[in-house]
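[1] Got a predicted structure plus its sequence, pasted below:
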Amino acid sequence: MKIVVLIISLTLFIYTDSMGQKTDKNLMVTVTDFDAFLEKYLKEYSKLEGLILLNPNQTVYPPGNVMPLNPYFYTLTEDIYKFKNLKHLRLQSLYILDLPDNITKCKLETLAIPLSPESNIQSILTKLKKCKYLKEIDLVSAVISDKTRLCLKKELPHIKFVDLMDDISFSEEIEN
């Protein structure tokens, strides 16, 4: 599934670029380039609305709700709020332990956040509750317990969650 999401993202990016519709409103970049050239991106993409940050390495994902053998943990910059128009943030094939405090200053409407068992869920929840424009959270790449999933959904009842684990129940398959 993660490969499908990445392929769709890349296809859309290539399509808009090839059609001459490339604007400074969308950016897809590896986290290593993003961090190294942040000031450049802040200048060139001052009207950025959609940002996809990619893992610079290849990650092998085991089946089920299990962490990959070589997870890439990433710390999102505190300067993310400087993208004043940022509405859509997708963190692809990397894991977040916490979110920066300044995430609450963004106008985020959608967030794809790969959480792990090591993620500081309470801190992340506190920040997400303060994101007043947030409408949707994508947990497709999250590797967290059912208890943590339920906690997120309970604490953020006004948020729509995109989560494959709602449709798949491994425990039911094992019992049958």
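    Looks like it came in fine.

[2] chain center to stretch 130-147: distance?
    Relative to its chain's centre, stretch 130-147 lies at 9 Å (CA atoms, centre = their mean, to the nearest Å).

[3] Would you mind listing the outside residues contacting that stretch?
    Contacts to stretch 130-147, defined as CB atoms under 8 Å, 6 or more residues apart in numbering, come from residues 1-2, 5, 65-67, 87, 90-93, 95, 103-104, 106-117, 119, 121, 128, 149, 152, 156, 159-165. Bear in mind the C-beta positions are built from the backbone N, C-alpha and C, glycine included.

[4] and it, which residues are buried?
    In terms of neighbour count (16 or more other CB atoms under 10 Å), stretch 130-147 has its buried residues at 131, 134, 137-144.

[5] Which members of these are positioned in helices?
    With helices taken from DSSP state H, there is no overlap with the buried residues of stretch 130-147.

[6] so where's the chain uncertain?
    Applying pLDDT under 70 to the chain flags residues 1-23, 164-176.

[7] again, 50 this time
    Filtered on pLDDT under 50, the chain yields the residue ranges 4-6, 12, 15-22, 168-176.

[8] in it, which spans are strands?
    26-30, 50-54, 73-74, 88-92, 95-96, 110-112, 136-138, 160-162 (DSSP state E).

[9] Partner strands of the third one and their direction?
    So that's strand 73-74. strand 95-96 (parallel) (DSSP bridges).

[10] From Tyr41, how far off is Pro95?
    Small correction: residue 95 is Tyr, not Pro. Tyr95 sits 22 Å away from Tyr41, going by CB to CB, to the nearest Å.

[11] likewise Pro100?
    Distance, Pro100 to Tyr41, using CB to CB: 16 Å.

[12] Please identify which of those two sits among more neighbours.
    Tyr41 (21 against 17; other CB atoms under 10 Å).

[13] If Ile96 is in a bridge, with which residues?
    Ile96 has these beta-bridge partners by DSSP bridges: Tyr74, Leu115.
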